[in-house]
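Undergrad: How does the following fold in three dimensions:
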Amino acid sequence: MNIKKMKPIKKSITKIGLLTVKLFGLIEIFILFGIQFFWIIYKGDLAPTENIWDLLAVLFPFLIACMVGISCRIEKYRRLFRKMEWLIHLLLSISFLILFILLQTRDEFFPYIPFTWLYYFWIIIIGLMLISAIIMNLDKPSLLTNLKDKRKFSVFMGILAVSWLATLGMIVLSRHPVYFWIISSIFHSIMIPLSISNHEKHPETRDSHVVYRNFKQIILRKTGEIQIEKKESVPKLRSHHLNLFFLNMLIVFSIIMQWDPNYMATTGAIQYNYHLIVELFLSPLFYLGFGIALLNTRFKFPVIGDGMVLPFMALSIMDIYSFAPLTLGYAIMRLFLHGSNQTSNSYFSTIMGVTLTWTLGLYLFAYYDFLDFVIFLVFGGKSWSGEFSIKLFIVLILTFTFCINLGFFSLEKHVSRRKKEKKSMDDEGSEKAVEGFKQMKGFFDLLNDHVMDLNKEGRKLIELEDFFELLDKSGLDAKKIKTIEEVLNE
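TA: Residues are numbered from 1 along each chain as shown. I've put the predicted structure just below:
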């Protein structure tokens, strides 16, 4: 009896563990990785000091990760990467440890390893992080499954609260990438035994069913000789793309709106103003944004949530009142929920977009004073109207994006409703056809019995009156019987 009770408990612990891993993996790649990526480039002065090829080298791990994302749509490669997950985590943990030791023991005046070597080693680590993020998102339940059931939602919120406390500490220390390396190394070390024991035990998700045998089937969108993957409608795809663009822009402008001239003494002195970014995550408005995103996704109307936060973003941009924490919280939670339900190649696209978004937002925050000076030069002095025009233009771009997205969303809903109506009519027609077939079968059964009786009596012809009587007994529709009678009486 005790053994039977232990099995559900063990199963629940496994599910909680998978949810925790999934959630922290999303936090790592959607928040911490983007901030760390910015700090490495910014503090290393890569943009002004490195040559163009070194800057392009940063794109190489993203290219590799893109290939992995596409390959994971093919059954045999997907299975291979799932089996290799523990190895990726192991390499990542060791790489972080080696990088940490090299930087701690490196003498800036007499370096035994050139900085360029460390730079390219960091690029390799980026590639491993992107690959591990893609593999960790495979064949694990989407976060959306936790919003429907009250018990699952309570567990999800509990895990989110605990994970977020650790995340806040990481965000505070993110200006020093070494702390991110330490925490990330510990996390991926824990993932090594978990990935070994659970790589074949993950519940299937919608993504698990959309796999192909080769690259040709990916191009043809064909999963077998007969079965063809259902393509998403063009309005739905456009709505998804615009929605991701809108969420990324919310992150960018939420970061920029935290700039305060009272703290920004010199151009690019983000080291002394990073606490303003941290304040975004500590504000109660940030968690209100979380709540709006959760409710919005729960009732499956993402555009309504976008419309709710758009006025708050506009008020922040126009310097009327800052609601930047609310819009940032909304955008991050929406990305968590959306990313957890994506296919491998779409998930990579989202990761790349969010990473570039954090980098762009923090760079604009760092050089906002310089941008203000550019406006000063362009408009020939401190022009309130020029600055107002730029902010108004940004608000109009966001509003225009939202309106187009709303149009595509409405069109997609209309197309979906029409398809459901057509399917319902087809099903109704099929039911009528089946019912008509049953009635005709009943009629022919009666007719056959009557013919057998006539044969026994030695009669070979059926009287017309007897035929009509059989029609009445068959249960056929009255209109059909009348039509048959009119044809026979002609």
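Undergrad: Leaving out chain neighbours, which residue sits closest to S344?
TA: Closest residue in space to S344, ignoring its immediate chain neighbours: C72 at 3.8 Å, by C-beta to C-beta, 6 or more residues apart in numbering. Yep, even glycine has a C-beta here, placed from its N, CA and C like the rest.
Undergrad: and what of G329?
TA: Using C-beta to C-beta, 6+ apart, the closest residue to G329 is G289 (2.8 Å).
Undergrad: you'd agree the one you found is up against L326?
TA: Yes. Applying C-beta atoms under 8 Å, one finds G289 in contact with L326, separated by 4.3 Å.
Undergrad: any common contacting residues for these two?
TA: When contacts are counted by C-beta atoms under 8 Å, 6 or more residues apart in numbering, G289 and L326 have V309 as shared neighbours.
Undergrad: check contacts around N137.
TA: Residues near N137 by C-beta under 8 Å, 6+ apart: 22, 25, 339-340, 342, 344, 347.
Undergrad: Now render the residues you listed as JSON lines, adding secondary structure and pLDDT.
TA: Listed next are the contacts of N137 as JSON lines, based on DSSP: H, G, I helix; E, B strand; the rest coil; pLDDT from 0 to 100:
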{"residue": "K22", "secondary structure": "helix", "pLDDT": "83"}
{"residue": "G25", "secondary structure": "helix", "pLDDT": "87"}
{"residue": "G339", "secondary structure": "helix", "pLDDT": "85"}
{"residue": "S340", "secondary structure": "coil", "pLDDT": "83"}
{"residue": "Q342", "secondary structure": "coil", "pLDDT": "83"}
{"residue": "S344", "secondary structure": "helix", "pLDDT": "86"}
{"residue": "Y347", "secondary structure": "helix", "pLDDT": "90"}
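Undergrad: Tell me which helix or strand in this protein has the weakest average pLDDT.
TA: helix 206-209 (a mean of 47; mean pLDDT, DSSP states H and E).
Undergrad: got the CA positions of stretch 292-310 in CSV?
TA: Presented in CSV, the C-alpha positions along stretch 292-310 are these (Å, rounded to 0.1, in the frame of the first residue of the first chain):
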residue,chain,number,x,y,z
ILE,A,292,-1.7,40.9,-16.7
ALA,A,293,0.3,38.6,-19.0
LEU,A,294,-0.8,35.5,-17.1
LEU,A,295,-4.5,36.4,-17.2
ASN,A,296,-4.2,37.5,-20.8
THR,A,297,-2.6,34.3,-21.9
ARG,A,298,-5.0,32.2,-19.8
PHE,A,299,-8.0,33.6,-21.7
LYS,A,300,-6.2,33.4,-25.1
PHE,A,301,-6.5,37.0,-26.1
PRO,A,302,-2.9,38.3,-26.4
VAL,A,303,-3.9,41.4,-28.4
ILE,A,304,-6.1,42.6,-25.6
GLY,A,305,-3.2,42.6,-23.2
ASP,A,306,-1.0,44.4,-25.7
GLY,A,307,-3.7,47.0,-26.0
MET,A,308,-3.9,47.4,-22.2
VAL,A,309,-0.1,48.0,-21.8
LEU,A,310,0.3,50.2,-24.9
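Undergrad: residues in contact with that stretch?
TA: Judged by C-beta under 8 Å, 6+ apart, the contacts made with stretch 292-310 from elsewhere in the structure are 144, 147-148, 239, 243, 246, 250, 289, 326-327, 329-331, 333-334, 337, 398-399, 402, 405-406, 409.
Undergrad: Give me the buried subset of these.
TA: 144, 147, 239, 243, 246, 250, 289, 326-327, 329-331, 333-334, 337, 398, 402, 405-406, 409 (16 or more other C-beta atoms under 10 Å).
Undergrad: about what we covered before: thinking the residue nearest to S344 is in contact with R79, fair?
TA: No. Using C-beta under 8 Å, C72 is not in contact with R79; the gap is 9.6 Å.
Undergrad: Give me the more crowded residue out of these two.
TA: With neighbours defined as other C-beta atoms under 10 Å, C72 and R79 compare such that C72 has more, 27 against 14.
Undergrad: right, and H338 touches N248 too?
TA: No. Using C-beta under 8 Å, H338 and N248 do not qualify as a contacting pair, with a distance of 11.5 Å.
Undergrad: Report the contact partners of the residue nearest to G329.
TA: Under the criterion of C-beta under 8 Å, 6+ apart, the contact partners of G289 comprise 309, 325-333.
Undergrad: try 10 Å this time
TA: With contacts defined as C-beta atoms under 10 Å, 6 or more residues apart in numbering, G289 is in contact with 250, 254, 283, 305, 308-309, 312, 323-334.
Undergrad: Take those and keep only those in strands.
TA: Counting by DSSP state E, these place none of their members in strands.
Undergrad: The residue nearest to S344 reaches Q342, doesn't it?
TA: No. Applying C-beta atoms under 10 Å as the test, C72 and Q342 come out as separate, 11.5 Å apart.
Undergrad: Of all the residues in the one helix or strand S185 maps to, which ones are buried?
TA: Assigned by DSSP states H and E, S185 belongs to helix 177-198. Applying a neighbour-count criterion of 16+ other C-beta under 10 Å, the buried positions in helix 177-198 are 177, 179-181, 183-185, 187-189, 191-192, 194-195, 198.
Undergrad: Check the gap between the nearest residue to F96 once chain neighbours are set aside and I29 for me.
TA: Closest residue to F96 in three dimensions, ignoring its sequence neighbours and counting by C-beta to C-beta, 6+ apart: S185, at 3.8 Å. Distance from S185 to I29, counting by C-beta to C-beta, to the nearest Å: 15 Å.
Undergrad: Please, which helix or strand holds the closest residue to I256 other than its chain neighbours?
TA: Leaving out its chain neighbours, the residue that sits closest to I256 by C-beta to C-beta, 6+ apart is L364, at 5.1 Å. Element membership for L364, per DSSP H and E: helix 344-366.
Undergrad: So which elements touch the one helix or strand F121 maps to?
TA: For F121, the host element (DSSP H and E) is helix 115-136. Under the contact criterion of 3 or more C-beta pairs under 10 Å, 6 or more residues apart in numbering; DSSP states H and E, the helices and strands touching helix 115-136 comprise helix 2-27, helix 33-43, helix 52-57, helix 59-71, helix 75-83, helix 85-105, helix 177-198, helix 344-366.
Undergrad: As a markdown table, those helices with distance to F153 would be great.
TA: Conversion of these to a markdown table gives the following (distance: least, C-beta to C-beta, whole Å):
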| stretch | distance to F153 |
| --- | --- |
| helix 2-27 | 11 |
| helix 33-43 | 27 |
| helix 52-57 | 44 |
| helix 59-71 | 30 |
| helix 75-83 | 28 |
| helix 85-105 | 28 |
| helix 177-198 | 23 |
| helix 344-366 | 23 |
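Undergrad: Great, nothing more from me.
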